[in-house]
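**Student:** After the sequence you'll find the predicted model.
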Amino acid sequence: MSCLGIDTSNYTTSAAVFRPDGTGRNESRLLTVREGELGLRQSDALFQHVKRLPERFAALGEAGWLEGLEAVGASTRPRAVEGSYMPCFLAGESQGRVLAEALGVPFFAFSHQQGHIAAACWSAGRLDLLDRPLLAWHLSGGTTELLLVEPEGSNVRATCIGGTTDLSAGQLIDRVGVKLALPFPAGRPLDALAAQSDSKAKFRVRLDGLRFSLSGMENKASSLMEKGEDPANVAKFTLNTLASVIVRCTDAALQKYPGLPVLCSGGVASNSQLRRVMGGAVFAQPEFSTDNAMGIAVLTDRRLRRGQ
């Protein structure tokens, strides 16, 4: 017996299965972005998801993971707040609802952000964190938010208490990466390039409570490139700066919410520099930091088992 989760984010098509014994399998594929471009129109993302979801289901089926499905869940919006909407999630929601109806099993809707939190907890072997308050970073191409996460029945309620006021961490990484002629999305290539530098240089981003701005960082990285700085040093400067402000913001949050565990989720959380400096934080395995459906499958199972 098992539960199926579906997530169709702006850059990844994924489907996952979670079983009551705690095991799971995720099948993901990045959407295709033309070389030199910084993203996709929602219509293009939606089209690619519709084409690729059957492939993800087929991969799970061939591995024997689609037998005995008891429920289907999908991410239907970016965050569980009023007005949060992106058309790309319609692909996963519509196919999930149809599949649940055909199988005669319940369908459950969650947010993409809730899925990230659950996937990180599962991957780190800390599903117990879903039943207690915690601080969680959601660091991705579209979001850089510090969240106060609290259990809400079988689900979690995430309240944004801090983070960036403009450019997200993922956007900064991608923009700098593309300017350095790295492929998009640039998270892994920029991380690898930065590993070639021993530079300690960074820019001290100003904290306003638990909020900060990253918009000026793109200009500073561009200025370094124009001056002929080594690309590895530019990459390291960018990641040093990001890691520094996230650590400082986390420390400030822990003064306000002492004793809470800290969880790091989202694609940027797979960055090796951030993992080195965030001592004591709980991280997902890198493959489950990026967009995936595993957390949706976990939450679907919890909703089914707890009857909430």
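**Tutor:** It's in. A quick note: this is a predicted structure, and the numbers were derived from the prediction, not measured. Numbering: from 1, shown residues only.
**Student:** Does residue 120 touch residue 263 like I think?
**Tutor:** Yes - counting by CB atoms under 8 Å, residue 120 touches residue 263, with 5.5 Å between them. Just so you know, the C-beta spots here come from the backbone N, C-alpha and C atoms, and that holds for glycine as well.
**Student:** nearest residue to residue 257 other than its sequence neighbours?
**Tutor:** Nearest residue to residue 257 in three dimensions, chain neighbours excluded: residue 135, at 6.2 Å (CB to CB, 6 or more residues apart in numbering).
**Student:** Figure out how far stretch 1-11 is from the centre of its chain.
**Tutor:** From the chain centre to the centre of stretch 1-11 is a distance of 13 Å (CA atoms, centre = their mean, to the nearest Å).
**Student:** returning to that earlier point: looking at residue 120 and residue 263, which has the bigger crowd around it?
**Tutor:** A side-by-side neighbour count of residue 120 and residue 263, using other CB atoms under 10 Å, places residue 120 first with 28 against 25.
**Student:** Could you pull up the residues touching that one?
**Tutor:** 136, 263, 264, 265, 269, 282, 283, 284, 288, 289, 295 (CB atoms under 8 Å, 6 or more residues apart in numbering).
**Student:** how does it look with 10 Å?
**Tutor:** 126, 129, 136-138, 263-266, 269, 282-285, 288-289, 292, 294-295 (CB atoms under 10 Å, 6 or more residues apart in numbering).
**Student:** Any of those buried? List them.
**Tutor:** Among those, the ones that count as buried by 16 or more other CB atoms under 10 Å are 129, 136-138, 263-266, 269, 282-284, 288-289, 292, 294-295.
**Student:** centroid residue for the chain?
**Tutor:** Closest to where the C-alpha atoms of the chain average out (CA atoms, centre = their mean) is residue 266, at 2.4 Å.
**Student:** Check whether residue 48 really touches residue 9, as I assumed.
**Tutor:** No - using CB atoms under 10 Å as the test, residue 48 is too far from residue 9 to be in contact (11.3 Å).
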